[in-house]
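Colleague: Just a sequence and a predicted model for now, questions to come.
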Amino acid sequence: MGWKISLSVFLIIAWLSVGNAVAQQPNIEAAKKEGRVVVYGAQVPQAMKPLHAAFEKKYGISVEYWRGSSTGVSERALTEWRAGKPGFDVVEGNRGVQLIMRDDGLFQKYVPPSSEKFPAQFKEKDGMITPWRVLPISILYNTDMVKPGDLPKTFDDLATAKWTGKITMPDPTRHTTTAQFLWNLKEFKGDKWLDLVKALANQRPLLVESLAPVTTTIIKGEAPVGITYIKYVKQYKGPVGYVLMDKYLSDPNYMSLSAKAANPNAAKLYIEFITSADGQKLVAEEGEFVLYPGVLPPIKDAEKVAPNLIFMDNPSEDEFKKLMTGTFREIFFKK
């Protein structure tokens, strides 16, 4: 009888271990011997600089960081992978492109111990991608050009005649996160989400490559308002503010360990450092909404933003292609 009970317990443990990856402490000495970690990420370099400086000072491991949009990061990583020459140890990006890369076999399981303190809703049971920040989207504006009383309060307000020719946003036919954002407007509009997309397209928005250049365009005065991440009000110097809303479409960002990392131990240590209390505080200081409990960015009303996030659904790879090369191309580039 006792043998049967022990076997049952063993089988339950085995089943749980398959469904949920176990946290793993990185080997610090092995990481130091490797001496470097190569990271492909979508985060702007100026926001990563303090984090990388602290990591390098603490462990003596250099960080080689290549930055592109989430779309650009995934395209480079996938191209290298399929050519059999992956140059990355860690890849950072939004959920949509991370899942595409995961399904292509680019990643291996790794759960940093510090991430166990994160809210359960962000965690991935398979341990293939690790959350580290959340990216709420709002309307940003040039504070020198737009008076508080004239601010649009919703995305619907951007569709009024007042803002024709005065909006900037990423090109949804080239930028996956923007395609995902527009598709998720159904959270606000239900079945009429595509009507709002068409209304925004009719405003003749100034389309840029990705979300970061939206902020630069606003600061330069090329467009007084734009759709992008709230965090940029801290990460860019200039006359820029954001619109406080009732709720925000948001996307968690993830770190993933390459299945063929040249520096696997340094990569694990890097991911663990970013998800630790110290790492998360450094990230938050740069304007990021992080996942470690009680840590907020130094952005006005951040405490009002954090509880009102709506997490975006993720189109499949085929749905992304249909949206970007079909639906949105027809809407934004109709002749």
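Modeller: Structure's in. What do you need?

Colleague: Quick one: residues contacting residue 308.
Modeller: 245-248 (CB atoms under 8 Å, 6 or more residues apart in numbering). C-beta: built from backbone N, CA, C; applies to glycine.

Colleague: Low-confidence bits of the protein, can you list those?
Modeller: For the chain, applying pLDDT under 70 flags the ranges 1-21, 335.

Colleague: switch the cut-off to 50
Modeller: 1-19 (pLDDT under 50).

Colleague: got the domain boundaries for it?
Modeller: Annotated domains of the chain cover 20-133+253-298, 135-250+311-332 [automatic domain parsing].

Colleague: Could you dump those into a markdown table and include distance to residue 305 and mean neighbour count?
Modeller: Formatted as a markdown table, the domains of the chain follow (distance: least, CB to CB, whole Å; neighbours: other CB atoms under 10 Å):
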| stretch | distance to residue 305 | mean neighbour count |
| --- | --- | --- |
| domain 20-133+253-298 | 7 | 19 |
| domain 135-250+311-332 | 6 | 18 |
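
Colleague: one step back: tell me the two of the contacts of residue 308 that are most distant?
Modeller: 246 and 248 (8.6 Å; CB to CB).

Colleague: From residue 269, how far off is residue 209?
Modeller: Between residue 209 and residue 269 the computed distance is 32 Å (CB to CB, to the nearest Å).

Colleague: still on that earlier bit, reformat the contacts of residue 308 as JSON lines; add distance to residue 306 and secondary structure.
Modeller: Converted to JSON lines, the contacts of residue 308 look like this (distance: CB to CB, whole Å; DSSP: H, G, I helix; E, B strand; the rest coil):
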{"residue": "245", "distance to residue 306": "13", "secondary structure": "coil"}
{"residue": "246", "distance to residue 306": "14", "secondary structure": "coil"}
{"residue": "247", "distance to residue 306": "12", "secondary structure": "coil"}
{"residue": "248", "distance to residue 306": "9", "secondary structure": "strand"}
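
Colleague: Going by distance to residue 79, which of those residues wins?
Modeller: Nearest to residue 79 among the contacts of residue 308, with distances taken as CB to CB, is residue 248, at 32.8 Å.

Colleague: give the contact list for the closest one.
Modeller: So residue 248 contacts 136-138, 230, 305, 308-310 (CB under 8 Å, 6+ apart).

Colleague: Which parts of the stretch 151-300 of the chain are strands?
Modeller: 167-170, 206-208, 225-229, 240-242, 248-258, 289-290 (DSSP state E, counting those that start in this stretch).

Colleague: Quickly run through the sheet partners of the longest one, with directions.
Modeller: Read that as strand 248-258. Sheet pairing for strand 248-258, assigned by DSSP bridges, gives strand 90-94 (antiparallel), strand 107-108 (antiparallel), strand 130-142 (antiparallel), strand 309-311 (parallel).

Colleague: for the shortest one, same thing?
Modeller: Its sheet considered, strand 289-290 pairs with strand 130-142 (antiparallel) by DSSP bridges.

Colleague: Now do the strand it pairs with and strand 225-229, the angle between them.
Modeller: Counting by axes from the mean of the first three to the mean of the last three CA atoms, to 10 degrees, strand 130-142 lies at 170 degrees to strand 225-229.

Colleague: Strand 130-142: how far from the chain's middle?
Modeller: Here the centre of strand 130-142 is set off from its chain's centre by 8 Å, with CA atoms, centre = their mean, to the nearest Å.

Colleague: try stretch 124-134
Modeller: For stretch 124-134, the distance to the chain centre is 11 Å (CA atoms, centre = their mean).

Colleague: Contacts for it, please.
Modeller: 19-22, 92, 95, 98-99, 102, 107-112, 115, 118, 122-123, 250-256, 271, 274-275, 280, 283, 288-291, 309.

Colleague: now the helices for the stretch 51-200 of the chain?
Modeller: 70-82, 95-103, 176-183, 186-189, 193-201 (DSSP state H, counting those that start in this stretch).

Colleague: elements contacting the fourth one?
Modeller: Packed against helix 186-189 by the contact rule (3 or more CB pairs under 8 Å, 6 or more residues apart in numbering; DSSP states H and E) you find helix 193-201.

Colleague: which strands and helices sit next to the helix it packs on?
Modeller: helix 176-183, helix 186-189, helix 328-332.

Colleague: Turn those helices into TSV, columns for distance to residue 127.
Modeller: Listed next are the helices and strands packed on helix 193-201 as TSV, based on distance: least, CB to CB, whole Å:
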stretch	distance to residue 127
helix 176-183	23
helix 186-189	28
helix 328-332	33
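
Colleague: For residue 237, which of those helices is the nearest?
Modeller: Short answer: helix 176-183, nearest of those by CB to CB, at 23.5 Å.
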